[in-house]
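S.K.: What follows is a protein structure lacking sequence information:
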Ligand code: CAA
């Protein structure tokens, strides 16, 4: 077993790290405070090849693989979590279109995402009445001549107001997972309305909106995959997406640990730096160990994906563990800071807020446990 990165992976990691530390980290607090969408930064990430890390070159991607993507996501999330969530969804959507789209769909949308010409891309699965039970979705797709008509609503759509393309899942057939189809929807179509901008606890530089579909007419060419294949497309995308969120959680947790270490070295109590006290050392040691384990789980899932193996179970394990540990890391970072962890003069409270959603989106921790249990009980 080799733990060494190859040349490509090292280069991607270095490029992401350098950008994250030099450019993103110094402005992350401002992005959060002002709730500013990081358009310019996402464009720069695209120039670095980070909007399609695991996308073939012919569609504008970096073709660097799933491991390189995971490494890049860890670095970018460490610099600015808000920026990293838009990057995660863009990469997930680009990869999904490459995997399931027609040649025309790939050529039309993927280079727009990877180049940053599209401000963002969105993944429209969740609905107001349910996110975990994805197969129960109610948005409908009615056949209309050679095209389709969409009606319904979507909720929690990351970058939904900025997206050049939104992957939308809708019911075209019977109840259950087999009656769902998948569509590529462009913004500005008559009947497509962007609703409420959520005022979130964290990731405040990323936009999260609802979408309403009121007789939205789509051409037949908007269908991605076969009718009824939508649910499998959604789950396949989420398998990869969960590696992205596991990696994001590792990045946020690492930023929290770094902040705690910095503070513990500087802060004096009872005549010496608090880093000298075992109470603090044990906390830092636990966090560092847990984040390393999370990093390895994420990279294992990515390596399996890259090798063409099934990785559903491993992606869910990585997402479950990394998100829970990122929450613990950021909680401990606040504790190490004492009162200074509770105010925005220090980054600990931002990491705490940013980490919180990682156990919720792209499948809650409870959904991950469901997936893992099903997988281990299968055979
Ligand atoms: N890959 C391929 N196919 C899969 C699959 C996978 N990972 N998982 C399931 N399927 C297939 C199954 O094989 C099955 O097909 P067959 O009937 O032919 O065997 C079909 O899909 C139905 O599967 P299940 O019976 O397992 O489906 P279920 O209704 O019991 O649901 C679930 C399973 C895991 C709970 C799923 O609904 C789920 O993942 N829910 C959470 C949804 C989620 O993560 N949403 C996040 C929104 S996106 C987001 O947050 C992005 C963002 O903005 C940051």
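M.R.: Alright, I've got the coordinates. Note that the structure is predicted; figures quoted are calculated from it, not measured.

S.K.: hey, where'd the helices end up in the chain?
M.R.: Along the chain, counting by DSSP state H, helices occupy 7-19, 25-34, 39-47, 66-79, 81-100, 103-115, 230-266, 278-306, 312-337, 348-356, 365-378.

S.K.: looking at those, which is buried most?
M.R.: helix 66-79 (a mean of 28; mean count of other CB atoms under 10 Å). C-beta here means a position set from N, CA and C on the backbone, and glycine is covered the same way.

S.K.: how far is that one from where the chain is centred?
M.R.: From the chain centre to the centre of helix 66-79 is a distance of 11 Å (CA atoms, centre = their mean, to the nearest Å).

S.K.: Just want to check the distance between the residue of the chain most remote from its centre and residue 140.
M.R.: Ranked by distance from the centre of the chain (CA atoms, centre = their mean), the top residue is residue 271, with 43.6 Å. For residue 271, the distance to residue 140 (CB to CB, to the nearest Å) stands at 69 Å.

S.K.: What parts of the stretch 251-379 of the chain come near the ligand?
M.R.: Residues of the stretch 251-379 of the chain lying near the ligand by CB under 6 Å from any ligand atom: 312, 361, 362, 363, 367, 370, 371.

S.K.: Make a markdown table out of those residues and add pLDDT and distance to residue 196.
M.R.: Formatted as a markdown table, those follow (pLDDT from 0 to 100; distance: CB to CB, whole Å):
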| residue | pLDDT | distance to residue 196 |
| --- | --- | --- |
| 312 | 98 | 33 |
| 361 | 98 | 17 |
| 362 | 97 | 21 |
| 363 | 98 | 23 |
| 367 | 98 | 24 |
| 370 | 98 | 29 |
| 371 | 98 | 30 |
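
S.K.: May I ask which two of those residues are separated the most?
M.R.: 312 and 361 (17.7 Å; CB to CB).

S.K.: check contacts around the closest residue in space to residue 306 that isn't next to it in sequence.
M.R.: If you skip the residues right next to it in sequence, residue 306 has residue 66 as its closest partner in space, 4.3 Å away by CB to CB, 6 or more residues apart in numbering. Counting by CB atoms under 8 Å, 6 or more residues apart in numbering, residue 66 touches 54, 240, 243, 302, 303, 305, 306.

S.K.: Mind doing that once more with 7 Å?
M.R.: Shown in contact with residue 66 (CB atoms under 7 Å, 6 or more residues apart in numbering): 54, 243, 302, 305, 306.

S.K.: what do you get for residue 2?
M.R.: Contacts for residue 2 (CB under 7 Å, 6+ apart) come out as none.

S.K.: roughly how far apart are it and residue 303?
M.R.: From residue 2 to residue 303 the distance is 10 Å (CB to CB).

S.K.: what do you get for residue 85?
M.R.: 23 Å.

S.K.: which ones are touching the residue in the stretch 251-379 of the chain positioned nearest to the ligand?
M.R.: Closest approach between the stretch 251-379 of the chain and the ligand, counting by CB to the nearest ligand atom: residue 363, at 3.2 Å. By CB under 7 Å, 6+ apart, the contact list for residue 363 reads 238, 242, 319.

S.K.: picking that back up, quick one: pLDDT of the residue farthest from the centre of the chain?
M.R.: Residue 271 is assigned 98 on the pLDDT scale.

S.K.: my guess is residue 291 meets residue 328, correct?
M.R.: No. Assessed by CB atoms under 7 Å, residue 291 is found out of contact with residue 328, at 9.4 Å.

S.K.: so what's the closest residue to residue 241 other than its chain neighbours up against?
M.R.: Leaving aside its chain neighbours, residue 241 sits nearest to residue 92 (4.4 Å; criterion: CB to CB, 6+ apart). The contact partners of residue 92, taken as CB under 7 Å, 6+ apart, are 123, 237, 240, 241, 244.

S.K.: quick one: which of those residues is nearest to the ligand?
M.R.: residue 123 (4.9 Å).

S.K.: List the beta-bridge partners for the closest one.
M.R.: Beta bridges link residue 123 to residue 167 when assigned by DSSP bridges.

S.K.: Can you name the residues that contact it?
M.R.: Taking CB under 7 Å, 6+ apart, we find residue 123 in contact with 89, 92, 93, 158, 167, 237.

S.K.: Which two of the residues you listed have the greatest separation?
M.R.: Farthest pair in the contacts of residue 123, by CB to CB: 158 and 237, 13.1 Å.

S.K.: Lovely, talk soon.
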